[in-house]
Every structure is written in structure tokens, then in C-alpha cells.
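Trainee: Curious how this folds, go ahead:
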Amino acid sequence: WSAPKSAMIGGAGVNNAGEPPFEIRGFSLGNLVILAGVVVTFASFAEYLSESGGDGLNVSGLGFVYGIPIFLAGAALKYAEIEPVPCYSTPDGERIFESKATDIIQKIKQDVTRHRYGDEAHLDTTVKKLGL
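Mentor: Below is the predicted model:
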């Protein structure tokens, strides 16, 4: 019997096969969560300070209860975030890379060109296992 690949997820956000359960590309999850927290908090402030006088649905307290913790969660993600490494190449270089790259090299490129959270550096678990 062997455990499925998604059975064990380590502290670095990777499963026992060394691959992440999902990838976030193109935007920072930390920025998105911070923005959501700010929007919820300011919307509750706006409702609290508006002159509606309690007419209709009154959810101004929810912004204080949920908006600030959402903002703090986004700030924690932003603190633990490792930016993707920029990859500069020409179209010819990309074509050659795609034709010559092995599966491992392609996985390394995918790993370092995405946002990571909670790691010390890109490929830190690999470097630790190699003893470097």
C-alpha cells in the first residue's frame, strides 16, 4: 500500500511527491487578500458614517469583526511571500528551451516563476535535502 500523492502535505506547501497541490500565477494572493480586507473595512466605515440612520440591512459591525482580520491575514501572506523570479528570454531562446528541456528542468522553471508562501527561498527544501 502506498499513500496517494495528495495524502501528505509538508510545511512548505508541497505534497510528498514534491509538487504543490495548486499554483498561483500572475498575481499575488497576499495583495488580493489585503485588498479584500481593506474593501470590507472601508465599506463598513462608510456604512457606519453614512446618514442612513439604520434603514435597511445594517452590517457596519461586520467590517470590524471580519475586515481587519482579513487584512491581517493578507499582510501575513505578503510577509511570507517570495516573489517569482523574472525570466528574460528571446522567442528563439524560449523555443530552444522548450525543445531541449527535460521534465525536471521544466518543473524547476515552474517552481521559481510562481509566487511561493512560507518558504525561506525558492528551492529551499531541495537545497536542504542536498546538504548545500
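
Trainee: all strands of this structure, in order?
Mentor: Counting by DSSP state E, the chain has these strands, from start to end: 81-82, 116-117.

Trainee: Make CSV from those and add mean neighbour count to it.
Mentor: Quick note: C-beta positions are derived from backbone N, CA and C, even for glycine. Conversion of the strands of the chain to CSV gives the following (neighbours: other CB atoms under 10 Å):
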stretch, mean neighbour count
strand 81-82, 16
strand 116-117, 20
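
Trainee: rank those by mean pLDDT and give me the bottom one.
Mentor: Among these, strand 116-117 carries the lowest mean pLDDT, a mean of 76.

Trainee: partners of that strand in the sheet?
Mentor: Using DSSP bridges, the strands paired with strand 116-117 are strand 81-82 (antiparallel).

Trainee: Distance from the strand it pairs with to the middle of the chain?
Mentor: 8 Å (CA atoms, centre = their mean, to the nearest Å).

Trainee: Name the residue closest to the centre of the chain, please.
Mentor: For the chain, L29 is the residue whose C-alpha lies nearest the centre (CA atoms, centre = their mean; 4.1 Å).

Trainee: excluding its backbone neighbours, what's nearest that residue?
Mentor: Nearest non-adjacent residue to L29, counting by CB to CB, 6 or more residues apart in numbering: L77, 5.7 Å away.

Trainee: Enumerate every residue touching that neighbour.
Mentor: For L77, the contact set (CB atoms under 8 Å, 6 or more residues apart in numbering) comprises L29, G30, V33, Y117.

Trainee: Quick check: the third one vs F45, distance?
Mentor: So that's V33. Separation of V33 from F45 (CB to CB, to the nearest Å) stands at 19 Å.
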